[in-house]
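**Student:** model the structure of this input:
(one chain, ligands or ions: 1)
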Amino acid sequence: MKSTFIALGLAALIEQSYAFPAIAEEAVRIAAANAPEQKRQLVSPGFNAGLQYVSNKGAHKFVAPSKTDLRGPCPGLNAMANHNYIPHNGVATIDQFIKGTNYVFGMGLDLATFLATYGAVIDGDLTSWSIGGPPPASLTNGLGLLSQPQGISGSHNKYESDASPTRGDLYEYGNDYLLQMSQFKDLYNLQKGKTDAQSNYNLPLLTDFRAYRFQQSINDNPYFFNGPFTGVAVQPAAYTFIYRFMANHSAEYPEGRLSKSVLKSFFSITGPDNALKYVSRFALLVSS
Ligand code: HEM
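**Tutor:** I've put the predicted structure just below:
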């Protein structure tokens, strides 16, 4: 019962998450608070190229993970590590996760604090945790609350859930962190026939995709489990985050537009529509 309340509270925080830097978010809050009641829903987040710019150059240019760098089921955290917004080795402290997600994606401090602390307690050593599998002894302060830290890849039904957007169900595929191309294609093809400029993976589209994936997991995974926290809060959040945090913001689309090319880039997919390839650092796997 308690975990259901926590999950519902968290779901409310996630509902309110928007992907633009916190300063712009604050401006929207002030504008919304000053707007007449009936107009509050209509206030646009606005766009400020200078304030909302997040660098992917210099110290933050993309550097592919080495064989020892940890990466896992979360494309947002993987990207942050690849661009040095959290340590490139994939193990970060609660503080680094909070500051990083807030600065890069504009995640609210309340939501980031909850998610980062939960990770440290459930998957880490109470102060830090791995965005992939178990960290080496040199990167952890010892035991966590439950056991040796396992990272979020080793967190099935504790943090990692079934029916994820692109990651396979653990008991169906034997791992919960690799992208399954069939699942990615099911999502990608929801904008089939559209050019990059026309495409937008928005919330209504992602809601339909989640319903489809949920039923697919029920049909194909004999051990499917929709946990009170993982199923009620984490899994829906993962779908919402795709649009809220990956979409590009511009003067034309201040709320954000998530194009085919940006979606592919976040999910480490290359190639044209008819020859998509997944490039993963796990055994430098390339699959189509
Ligand atoms: C401290 C903050 C964060 C934590 C603790 C976290 C944790 C996780 C975990 C445990 C999963 C696996 C869930 C599952 O099995 O479905 C996941 C998936 C995901 N996360 Fe994050 N995440 C964080 C921030 C972000 C950010 C900033 C983004 C922005 C893009 C993001 C996007 C996603 C997406 C799209 C998935 C689903 C991946 C897929 O199956 O295709 N997350 N995250």
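
**Student:** enumerate the residues of this structure near the ligand.
**Tutor:** 73-77, 97, 101, 105, 107, 112, 115-116, 119, 152, 159-161, 164-167, 234-235, 238, 241-242, 245-246 (CB under 6 Å from any ligand atom). The C-beta positions use only the backbone N, C-alpha and C, and glycine is treated the same way.

**Student:** could you rerun that using 5 Å?
**Tutor:** 73-74, 76, 97, 101, 105, 115-116, 119, 152, 159-161, 164-167, 238, 241-242, 245 (CB under 5 Å from any ligand atom).

**Student:** report the separation between the spatially closest residue to T270 that is not a sequence neighbour and the ligand.
**Tutor:** Among residues not flanking T270 along the chain, K277 sits closest, at 5.1 Å (CB to CB, 6 or more residues apart in numbering). Noted for K277: a distance of 17 Å to the ligand, by CB to the nearest ligand atom, to the nearest Å.

**Student:** next, give phi and psi for K277.
**Tutor:** Phi and psi for K277, reported as degrees, to the nearest 10, are phi -130, psi 140.

**Student:** so it makes contact with I269?
**Tutor:** Yes. Proximity of K277 to I269 meets the contact threshold set by CB atoms under 8 Å, at 6.8 Å.

**Student:** which of those two has more neighbours?
**Tutor:** I269 (21 against 14; other CB atoms under 10 Å).

**Student:** phi, psi for that one please.
**Tutor:** Per degrees, to the nearest 10, the backbone of I269 is at phi -110, psi 130.

**Student:** and if you look at I218?
**Tutor:** phi -60, psi -40.

**Student:** list the buried residues of stretch 58-71.
**Tutor:** Of all the residues in stretch 58-71, those buried under the rule 16 or more other CB atoms under 10 Å are P65, D69, L70, R71.
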